[in-house]
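Undergrad: model the following, please.
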Amino acid sequence: MSARRKTDHFGTGPVEEAREQLQSLLGAAWRVAHEKPTSTRDQAFDAVWQVYEPSEARSASLKVIARYDLAPLEARSTAMRVGDLACEASTVVVAEWLSPRTREVLQTRGINYLDLTGNAFVRLDQPAVVIRTEGAQRNPTPTPRSRGMSGLRASRLVRELVDHHPPRRTRELSAATGLSESYVSRLLDVMTDEALIARGRDRTVTDIDWSGLLRERGSHDRLLKENEVLITTPRRGLERTIALIAENAGRPRAEGAPFPALATGQYPATAIAPLAVGGNLMLYVDRGAARSVTQDLGLLRAERTTESSILLLLPKDDTVFKRPWPELLDGLPSVGVSQLVLDCLSGPGRLPEQAEALLDWMSTHESTWRRTSTLP
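TA: Numbering: from 1, shown residues only. As a prediction, this is how the structure comes out:
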């Protein structure tokens, strides 16, 4: 990347590279040509491209907005300005890399985009063009700020925001999560820049894009890498072992004590939003209780994963045991729904697809799983 500030506009070289990329996506029969600005409005853009269909009987003009990168909050304001300058469908944002959140903001507002890693969404009416490709999902040249949503502490704050309606205040969030006020404040700044939350003049969180928060946080982790994984085989068989877990859930516990094992992944997700069958049973197990859980359930250590394997996940942070909801899913003590979505988003196989089904369910049952604000 150039030594120039990342907020500077592209030079002519990267804009030309982006034009060539669009040309390649359309194919040799099409033509994408630079066009001289024909109006004062056109001069407000960084370039103008003319897209010709193979017969060249029809063409469409694309107004180019070029940036090194574009934060979601800036993407939102850019979309608002575009509405005053040109038809949204005839505008394309090009950049070295656009985050998934930025791309979502642009696409929901009808703005085309194209980055130099291969992420593209271009839709034209006349001539008819629809292009959608995926490139890098993570920043090839991350900055400390772009890594702000990674790490276990971020999960604590994300879940606290997701699980409760606003308003929320920094001090209150700090007390609820056990995180320092300075860390909470910094991460709230990142979330604001990412257009994931909105804050009032007194810095109180007034609006929360809970699905966007979960997707953004989930994109930073890999479930089976972030936790120590023990592969086990159920000596009594899978069905009997699940029944034993359900029986354990009914035993008396000390007040405030978590279940020693909580299900996550495909089994509890399917109980909420059926999508797919199969997949291993995954259990979060408190490190101190791992041996007793293994003995009580009759689990044998194994070297390889099979269809009947039970994966014990030993978390590095006990946030996973925080469960505003639910208590039981098909008799299994399970993680809270926000944790379940995070695990599915970062999980293997079809779990990311299952996460989207969970998010759809959450959007129509918010009164079921989300709590009221803790503020008066």
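Undergrad: bridging residues for residue 52?
TA: residue 31, residue 59 (DSSP bridges).
Undergrad: touching, it and residue 27? I think so.
TA: No - with contact defined as CB atoms under 8 Å, residue 52 does not reach residue 27; the gap is 12.0 Å. No exception for glycine: its C-beta is placed from N, CA and C like everyone else's.
Undergrad: looking at these two, which is more packed in?
TA: Each of residue 52 and residue 27 has its neighbours counted (other CB atoms under 10 Å); residue 52 has more, 17 against 8.
Undergrad: how much space between the more buried one and residue 64?
TA: Counting by CB to CB, to the nearest Å, the separation of residue 52 from residue 64 is 16 Å.
Undergrad: could you dump stretch 57-72 to PDB, C-alpha only?
TA: Extracted in PDB, the C-alpha atoms of stretch 57-72 (Å, rounded to 0.1, in the frame of the first residue of the first chain):
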ATOM      1  CA  ALA A  57     -26.200  -0.800 -29.000                       C
ATOM      2  CA  ARG A  58     -26.600   0.100 -25.300                       C
ATOM      3  CA  SER A  59     -24.300   1.400 -22.600                       C
ATOM      4  CA  ALA A  60     -24.500   2.500 -19.000                       C
ATOM      5  CA  SER A  61     -22.600   5.100 -17.100                       C
ATOM      6  CA  LEU A  62     -20.900   4.200 -13.800                       C
ATOM      7  CA  LYS A  63     -19.800   7.100 -11.600                       C
ATOM      8  CA  VAL A  64     -16.700   6.000  -9.600                       C
ATOM      9  CA  ILE A  65     -16.000   6.800  -5.900                       C
ATOM     10  CA  ALA A  66     -12.400   5.700  -5.200                       C
ATOM     11  CA  ARG A  67     -11.000   5.200  -1.700                       C
ATOM     12  CA  TYR A  68      -8.100   3.300  -0.200                       C
ATOM     13  CA  ASP A  69     -10.600   1.900   2.300                       C
ATOM     14  CA  LEU A  70     -14.100   2.900   3.500                       C
ATOM     15  CA  ALA A  71     -15.400   2.400   7.100                       C
ATOM     16  CA  PRO A  72     -19.000   1.400   7.400                       C
END
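Undergrad: secondary structure element for the most centrally placed residue in the chain?
TA: Nearest to the mean C-alpha position of the chain, counting by CA atoms, centre = their mean, stands residue 215 at 1.7 Å. Assigned by DSSP states H and E, residue 215 falls within helix 210-218.
Undergrad: show residues contacting that helix.
TA: With CB atoms under 8 Å, 6 or more residues apart in numbering as the test, helix 210-218 has contacts from 100-101, 104, 149, 154-155, 158, 161-162, 191, 194-197, 338, 341-342, 344-346, 355, 359, 362-363, 370.
Undergrad: tell me which residue of this protein is furthest from the middle?
TA: Farthest-from-centroid check, the chain (CA atoms, centre = their mean): residue 57, 41.9 Å.
Undergrad: residue 131 belongs to a helix?
TA: No - under DSSP: H, G, I helix; E, B strand; the rest coil, residue 131 falls outside any helix and is assigned strand.
Undergrad: pull the contacting residues for it.
TA: So residue 131 contacts 22, 25, 26, 120, 121, 122, 123 (CB under 8 Å, 6+ apart).
Undergrad: at 10 Å what do you get?
TA: Each residue near residue 131 by CB atoms under 10 Å, 6 or more residues apart in numbering is listed here: 22, 25, 26, 112, 114, 120, 121, 122, 123, 124.
Undergrad: excluding residues flanking it in the chain, which one is nearest it?
TA: The shortest distance from residue 131 to any non-neighbouring residue, by CB to CB, 6 or more residues apart in numbering, is to residue 122 (4.4 Å).
Undergrad: tell me, how many residues neighbour the one you found?
TA: Residue 122: 19 neighbours (other CB under 10 Å).
Undergrad: quick check: residue 44 touching residue 64?
TA: No - Residue 44 lies out of contact with residue 64 (CB atoms under 10 Å); the separation is 11.0 Å.
Undergrad: of those two, which one has the most company?
TA: Between residue 44 and residue 64, residue 64 has the larger neighbour count (other CB under 10 Å), namely 21 against 15.
Undergrad: pull the contacting residues for the closest residue to the more buried one other than its chain neighbours.
TA: In space, and not counting its chain neighbours, residue 64 is closest to residue 47: 4.0 Å by CB to CB, 6+ apart. Residues near residue 47 by CB under 10 Å, 6+ apart: 10, 12, 15-16, 18-19, 34-35, 37, 62-66, 92, 94.
Undergrad: same thing with residue 274?
TA: Per CB under 10 Å, 6+ apart, neighbours of residue 274: 354, 357, 361.
Undergrad: many thanks, have a good one.
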